[in-house]
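Enquirer: attaching a predicted model along with its sequence, questions to come.
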Amino acid sequence: MDYVYVTKENIEQEHICCAISSNSDEQVRSKKDWLTDRFEDGLVFIKSVLRGKCFIEYIPAKNAWIPIDADNYMYIDCLWVSGSLKGHGYSNELLNMCIEDSQKKGMDGICILSTKKKMPYLADPKFLAYKGFKVCDEASNGIQLWHLSFKDSVLPKFKSCSKDCHISESGFVLYYTNQCPFNAKYVPIVEQVAKEHNISFKVIHLDTKEKAQNAPTPITTYALFYNGEYVTNDVMNEKKFLKLLSNLGL
């Protein structure tokens, strides 16, 4: 497989894999703007030359948009291979490229979010274990921080603000960033559905690194709470949200 490094210079010409291709689409525009601003923080985005979801996105953990302490570690925002591109070893290739790059940059290791069982938008724990990753911390909602260390060092951990995954506000509260392109489309849709059903729904857009690094949730890309308790990281569309309301008896 041949790969492309997406940079400030070529991002407008490249398909970013996890949304539709038109730069005028709100999802694509949101993601590309977010990526462009992160390149100066050391973000690396590598994608397949083939059209489809096959890419890895990583950044020095000190600049990652999640509440972790991971001195001199690299953090993987997303490793995603799906559809017809699965089963060809591309996940291995992409991860190995990240490992090699991180070692060349003198990092102590790599960390990434996952769970005991595979969940939407999170790395497959079986794959991580196969590649030598181990769990180094876990929040109360089951979100785990995994690490692959290259040398003896202080292991990454969640900041205390995110460990118990509880907030004081009632109703629905959604924390999200523009790292996921789907948020640009679906967050307003779910807000409107909530309004139509007279459901309390507050949105907190984590639009700076500082806000994300001090959030009350270990996963900041999308974290939905209800009456103070963490509910899901699965990006809600109208159908999913209505099903959730039904399950909650609302």
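Expert: It's in. Residues are numbered from 1 along each chain as shown.
Enquirer: tell me which strands and helices the lengthiest strand in the chain is in contact with?
Expert: Looking across the chain with DSSP state E, the single longest strand is strand 73-81. Under the contact criterion of 3 or more Cβ pairs under 8 Å, 6 or more residues apart in numbering; DSSP states H and E, strand 73-81 touches strand 54-60, helix 90-104, strand 109-114. Backbone N, C-alpha and C define where each C-beta goes, glycine included.
Enquirer: tell me which residues are up against that strand.
Expert: 17-18, 43, 53-61, 64-66, 68, 90-91, 94-95, 98, 102, 105, 107-112, 121, 123, 147, 156, 179 (Cβ atoms under 8 Å, 6 or more residues apart in numbering).
Enquirer: just want the angle from the lowest-mean-pLDDT helix or strand in the chain to strand 73-81.
Expert: Confidence across the helices and strands of the chain bottoms out at helix 26-38, with a mean of 92, counting by mean pLDDT, DSSP states H and E. Following axes from the mean of the first three to the mean of the last three Cα atoms, to 10 degrees, one obtains 150 degrees for the angle between helix 26-38 and strand 73-81.
Enquirer: beyond helix 26-38, next helix or strand please.
Expert: strand 44-48 (DSSP states H and E).
Enquirer: what lines up beside that next one in the sheet?
Expert: Here strand 44-48 has these sheet partners by DSSP bridges: strand 3-6 (antiparallel), strand 54-60 (antiparallel).
Enquirer: so which bits of the first one are buried?
Expert: Applying a neighbour-count criterion of 16 or more other Cβ atoms under 10 Å, the buried positions in strand 3-6 are 3, 6.
Enquirer: how close does I11 get to L43?
Expert: Distance, I11 to L43, using Cβ to Cβ, to the nearest Å: 11 Å.
Enquirer: got the strands paired with strand 44-48 as JSON lines, with distance to M74 columns?
Expert: Compiled in JSON lines, the strands paired with strand 44-48 are given as follows (distance: least, Cβ to Cβ, whole Å):
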{"stretch": "strand 3-6", "distance to M74": "15"}
{"stretch": "strand 54-60", "distance to M74": "5"}
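Enquirer: can you name the residues that contact I66?
Expert: 75, 113, 162, 212-213, 215, 218-220.
Enquirer: let's see that with 7 Å instead.
Expert: I66 is in contact with 212-213, 218-220, counting by Cβ atoms under 7 Å, 6 or more residues apart in numbering.
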